[in-house]
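Chemist: structure for the following, please:
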Amino acid sequence: MKTRLLIIIMLITILSLNLQSEKVCDLNEVMKLEQLIIDNDYAYLAEEFKIHIYSIKTKKLISSFGKKGEGPGEFPYKRNIIIGKNTISIDSQNKILFFSKEGKFVKELRKDPNCNKLIPVKENYVGVKLDFSKKNINKVLVYNIYDNNFKKIKAIGNNTYIGKLLKRILKSKKYDDYIPRIQKSFLVYKDNIYISDPNKGIFFEVFNHKGKLIRTISEDFKKENITTKFKNHYINELKNRKNWEQIKARRNIIFRKVFPVFKWFSIYNEHIYLFTYNIEDDKRQCLIVNMDGKIIKTIRVRDVREGLLTVKNGFFYYTLENEEDEIWELHRQKIFE
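Modeler: The predicted structure follows:
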C-alpha cells in the first residue's frame with residue numbers, strides 16, 4: 001500500500017513539473033546563441049552577426065538577417081538589441097542600425113563609440129558612457145540621458161565598479177578581484193528608467209525620460225552567505241579556460257562574504273523579477289516583487305546564462321542547448337499557475 005502511494009505521489013510530482021515547463025520548438029538555424037528576446041508571438045534569437053525570427057505560434061523560422069561589415073545595414077559589433085513598437089534597433093559601437101520587425105534594413109545613425117547600451121525612452125535615449133581617461137573613479141562609467149541625435153542631456157548616475165577595478169589593475173601586476181563582481185544595471189519600463197543597486201538590497205532609483213528622479217524603491221533583504229559550492233564552481237570554471245595560467249598570475253581572487261541580493265533583473269506586467277545567485281538542481285531562484293519592492297512570490301526557473309532568459313506573456317522563456325542532438329531549443333515556464 002505504501003509503495004503504491006509513493007508511486008502515485010511521484011507521478012503527480014512528475015506531471016506537475018511537466019505542466020510548469022514545456023518545450024516550444026527547436027531552433028535549427030541557430031548556431032552560437034547570444035541573446036533571446038520575446039515580442040508578442042515572436043522570438044528573436046541573436047547570434048554575433050545574425051538575428052533569427054521565429055513564430056511561437058507556428059514554431060517555425062520566419063526570417064534571418066544581419067551581416068558583418070561596415071557598410072549600410074552591416075554591423076562590426078553587436079552591443080545589444082532593442083525591439084521597439086515598429087522597429088528593431090541594434091547598437092553596434094559607432095552606429096545604431098534600424099530594421100523593420102521583419103528584418104528589412106531601414107536606416108542607421110552614427111554615434112559616439114563610447115556610448116553603449118542605448119535604449120529608447122520616449123523621444124530620448126538612456127545609455128552608459130565609458131571614459132577611462134577620468135581620474136575620478138566615480139566618473140569612469142556614467143548613466144546619461146541623450147537626445148535623438150545622441151547628444152548628452154543629463155547624467156543620472158554612475159557605476160564605480162569598473163573604475164575601482166581599473167585602478168586595482170593599473171596599481172600592480174597582480175590585482176585583487178572581488179567575486180561576485182557587483183555592478184549596477186538599468187532597464188526601461190513604461191518610459192521610466194530603473195537603475196538597480198543589488199548591493200543595497202531590493203533597491204532601484206526610478207527616473208523619467210528627462211532624467212528626473214521620480215521615486216526610489218528600497219526594501220531590506222537578508223543576503224545569503226557565499227557558499228563553498230559557489231567558490232569551487234567558480235574556480236573550476238576558471239581552471240577549464242585556456243588562459244588559466246595567465247588568470248592565476250594576474251588575478252588575486254577574493255570571495256566576498258555575502259552575495260548581492262540579485263544577479264540581474266527584468267520588469268514585466270507591473271512586477272520586478274530578481275534573479276538571485278541561489279541555484280539548486282539546475283534551477284535558479286527568482287524573487288517576484290511588486291513595484292514597491294515587496295516580495296509576492298519566490299519561484300525557481302531553469303538556470304541559464306543571462307541574456308538567454310526573458311519574461312513575457314506570462315511565461316519565463318529560455319533557451320537550452322541539446323548537446324546530444326547539437327541543437328538549440330526554446331522552452332517556457334508559466335510564472336503564475
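
Chemist: switch to C-alpha atoms for all contacts and neighbour counts from now on
Modeler: OK.

Chemist: can you give me the end-to-end span of stretch 45-65?
Modeler: 11 Å (C-alpha to C-alpha, to the nearest Å).

Chemist: in it, what counts as buried?
Modeler: 45-48, 50-56, 59, 61, 64-65 (16 or more other C-alpha atoms under 10 Å).

Chemist: next one: stretch 117-125
Modeler: Within stretch 117-125, the residues scored as buried using 16+ other C-alpha under 10 Å are K117, L118, I119, P120, V121, N124, Y125.

Chemist: list just the nearest of these to L166.
Modeler: K117 (20.5 Å; C-alpha to C-alpha).

Chemist: measure that closest one to E47 for me?
Modeler: Computed as C-alpha to C-alpha, the K117 to E47 distance reads 17 Å.

Chemist: thinking V140 is in contact with K134, fair?
Modeler: Yes: in terms of C-alpha atoms under 8 Å, V140 counts as a neighbour of K134; the distance is 5.9 Å.

Chemist: between those two, which is the more surrounded one?
Modeler: Neighbour count, other C-alpha atoms under 10 Å: between V140 and K134, V140 has more, with 22 against 12.

Chemist: if we can go back for a sec, among the buried residues of stretch 117-125, which two are most distant?
Modeler: Farthest apart among those by C-alpha to C-alpha are K117 and N124. That separation is 13.3 Å.

Chemist: may I have the beta-bridge partners of K334?
Modeler: Listed beta-bridge partners, K334: F315 (assigned using DSSP bridges).

Chemist: pairing partners for the strand of greatest length in the chain, with directions?
Modeler: Across the chain, the strand with the greatest residue count (assigned by DSSP state E) is strand 271-280. Paired strands of strand 271-280, with direction, are strand 264-268 (antiparallel), strand 283-289 (antiparallel) (DSSP bridges).

Chemist: for my notes, please list the ones you listed in CSV and give distance to I156 for each entry.
Modeler: Listed next are the strands paired with strand 271-280 as CSV, based on distance: least, C-alpha to C-alpha, whole Å:
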stretch, distance to I156
strand 264-268, 19
strand 283-289, 24
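
Chemist: so where's the stretch 51-200 of the chain shaky on pLDDT?
Modeler: Within the stretch 51-200 of the chain, the segments meeting pLDDT under 70 span 78-79.

Chemist: do you have the helices of it handy? List them.
Modeler: Secondary structure of the stretch 51-200 of the chain (DSSP state H, counting those that start in this stretch): helices located at 161-171.

Chemist: now the nearest residue to L141 once chain neighbours are set aside: how far from C115?
Modeler: Spatially, and ignoring its direct neighbours in sequence, L141 is nearest to L130 (4.8 Å; C-alpha to C-alpha, 6 or more residues apart in numbering). Counting by C-alpha to C-alpha, the gap from L130 to C115 is 7 Å.

Chemist: more neighbours: these two, which one.
Modeler: Comparing L130 with C115 by other C-alpha under 10 Å, the one with more neighbours is C115, at 24 against 17.

Chemist: what sits against that one?
Modeler: Q93, G127, V128, K129, L130 (C-alpha atoms under 8 Å, 6 or more residues apart in numbering).

Chemist: for those, pick the one with the most neighbours.
Modeler: Most surrounded of the contacts of C115: other C-alpha under 10 Å gives V128, at 24 neighbours.

Chemist: for it, list each beta-bridge partner.
Modeler: Here V128, judged by DSSP bridges, has bridge partners N116, Y143.

Chemist: right, I'll call it a day here.
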